[in-house]
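Participant: model the structure of this input:
(2 chains)
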Amino acid sequence: MSHIHFPDGILPTWLWVSGFVIAILVWVVFFRLIQREDLGKRLPLLGMMAAAMVLGAAVEILPIAYHVNLTVISGMLLGPSLVYLATFVVNVLLALFGHGGITVIGLNTLVLSLEGILGYYLFRLFRRVLKRLVVASFLATFLALLVSTCAMIGIVSLGTTHYGELLDHGDENGIIGFELGKDKGHDKEAVRPKKEVNFGRFIAVVLPLGFIGWILEGIITSLMMRYIYRLRPDLLGMGSQEA
Amino acid sequence: MIQLAYLDYLAVEGKSWLHRSSPVSKMFGVVLVLTGVVLVRSILGLLALYGALLFVFFASRLSFKVFPLTLYPLFFAFFFIFMSGFEFYFIGLVFLKVVCGSTSVVLLLATTPYPSIFSILGKVLPSLFVTALFLTYRSIFILLNILEETQQAIYLRGGFQWRHPWRSVVNISNAFGHLMIKGIEASEAMYESMTLRGFKNKIHYRGE
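Facilitator: Numbers count the residues shown, from 1 in each chain, chains lettered A, B, ... in the order given. As a prediction, this is how the structure comes out:
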């Protein structure tokens, strides 16, 4: 739900360009933090987790139109720097299949990596405090998804004026428009009220559906963590005595 | 995503004029279409663009089986219906932008083998990023194979049943967990074989 599903040409240019600039700057910072040797060893793992995220995003849960991101569990397994690189790659591949626009890749990377990085730190915190793997995984996932969805809503709200302009284009021409059937002699602006996007309705749809999705993904992630812990506790950096 | 293998097959085995066109020109075409999608704000303009893309789709005699892939992103545009307050112009605009973008990308992927695409991307993007992209793309096929095997096991354990939601969620979670573990094991094997072949954080494509 936190993934911005906007196609190209809907978000204002300044917003998606800023998204790309910030995403690339963060990439440079994380790239410097990772040791070259370690990166080579972990690239196949990064690819595999990114592929799992892509597959998770392709499975739509009806009727709430929710898909699991698996970003939080990837964050827990990969760590903050690698999950950032993985979400960048995931968003490029998802955008190629129309799952969010290509111009939205930067913003989607920022939102999804926030989810993964936050999930990683919250999981470590809850695991230390609560000493219970399943509960810690659930809480970390739920809170990370809540924060990233709020971040997504915040980002989308920045373009409200622009969406209003797009709505108004019902009677106008855009940057590249056609003059067919346009009545030039009549001043429509004077009589036609400005249309506005109902952003409240958008939030009213996203948050309740998101809430169900966060609980569902929280449960799925915690059960997956339990399964992984039973078979490969080394992947979670845990000995068998910690459960 | 399940049709990815079929797209790949079409890209390699296809013989149309679009398959024979250079990958650079096709990628340039996708960039042009995306620029159009971002700039054009009239339904007529977008209809003309979509019409041109449909013409290319049918003129290149691509299998109709991949056509639904071009419509798949419409599913995610559903929130716009609520956001716009059921403004048909806005919904039409958004839906056309979606299908124009997805049709151009499906045209590219169904007519260009992926190593050619990654080879070109490697010239303009950081090699580490393209390597990660390539490994992810490869891993999708590995995971799809594992998923196919796992699906049978889930089915034998009851699969997904609305009457038993908890058991269903446990089954699905275990399947995803299994997928992750098998995927990680496959990635470890992949790293070993890549190291044996001299991998040093960069994949070299044929002709480089």
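
Participant: which residues touch the residue nearest to B:V105 when sequence neighbours are not counted?
Facilitator: Leaving aside its chain neighbours, B:V105 sits nearest to A:L96 (5.2 Å; criterion: CB to CB, 6 or more residues apart in numbering or on different chains). The way it works is simple: take the backbone N, C-alpha and C, and place the C-beta from them, glycine included. By CB atoms under 8 Å, 6 or more residues apart in numbering or on different chains, A:L96 lies in contact with A:102, B:105, B:109.

Participant: so where's chain A uncertain?
Facilitator: Filtered on pLDDT under 70, chain A yields the residue ranges A:1, A:35-37, A:60-66, A:166-197, A:238-243.

Participant: can you count the residues close to the residue in chain B positioned nearest to chain A?
Facilitator: Closest to chain A within chain B is B:R41: 2.1 Å, counting by CB to the nearest CB. Using other CB atoms under 10 Å in any protein chain shown, B:R41 is surrounded by 20 other residues.

Participant: quick one, phi/psi of it?
Facilitator: Note on B:R41: backbone dihedrals following degrees, to the nearest 10 are phi -120, psi 10.

Participant: isn't it right next to B:L93, touching?
Facilitator: Yes: the pair B:R41 / B:L93 is scored as a contact, 7.2 Å apart, by CB atoms under 8 Å.

Participant: now do the buried residues in the particular helix or strand that has B:V106 in it.
Facilitator: Secondary structure assignment for B:V106, by DSSP states H and E: helix B:88-111. Neighbour-count burial for helix B:88-111, counted by 16 or more other CB atoms under 10 Å in any protein chain shown, picks out B:89-91, B:93-111.

Participant: the longest helix seen in chain B packs against which elements?
Facilitator: Determined from DSSP state H, the single longest helix within chain B is helix B:165-196. For helix B:165-196, the elements it packs on are helix A:36-58, helix A:71-78, helix A:199-231, helix B:127-156, judged by 3 or more CB pairs under 8 Å, 6 or more residues apart in numbering or on different chains; DSSP states H and E.

Participant: what's the neighbour count on B:Q151?
Facilitator: Using other CB under 10 Å: B:Q151 sits among 12 other residues.

Participant: contact partners for it?
Facilitator: Neighbour list for B:Q151: B:A175 [criterion: CB under 8 Å, 6+ apart].

Participant: remind me which residues of chain B are low pLDDT?
Facilitator: Applying pLDDT under 70 to chain B flags residues B:1-2, B:78-86, B:159-160, B:201, B:205-208.

Participant: picking up where we left off before, of all the residues in the longest helix of chain B, which ones are buried?
Facilitator: Of the residues in helix B:165-196, those buried by neighbour count under the rule 16+ other CB under 10 Å are B:168, B:170-184, B:186-187, B:190-191, B:194.

Participant: how about B:Q161, what does it touch?
Facilitator: The contact partners of B:Q161, taken as CB under 8 Å, 6+ apart, are B:167-168.

Participant: could you look up the SS state of it?
Facilitator: What DSSP: H, G, I helix; E, B strand; the rest coil gives for B:Q161 is coil.

Participant: out of all residues in chain B, which is the farthest from the middle?
Facilitator: In chain B, counting by CA atoms, centre = their mean, B:R163 sits farthest out from the average C-alpha position, at 33.9 Å.

Participant: and the helix holding B:V106, what other elements does it pack with?
Facilitator: Under the contact criterion of 3+ CB pairs under 8 Å, 6+ apart, helix B:88-111 touches helix A:160-168, helix B:4-13, helix B:17-20, helix B:23-39, helix B:43-59, helix B:67-71, helix B:79-83.
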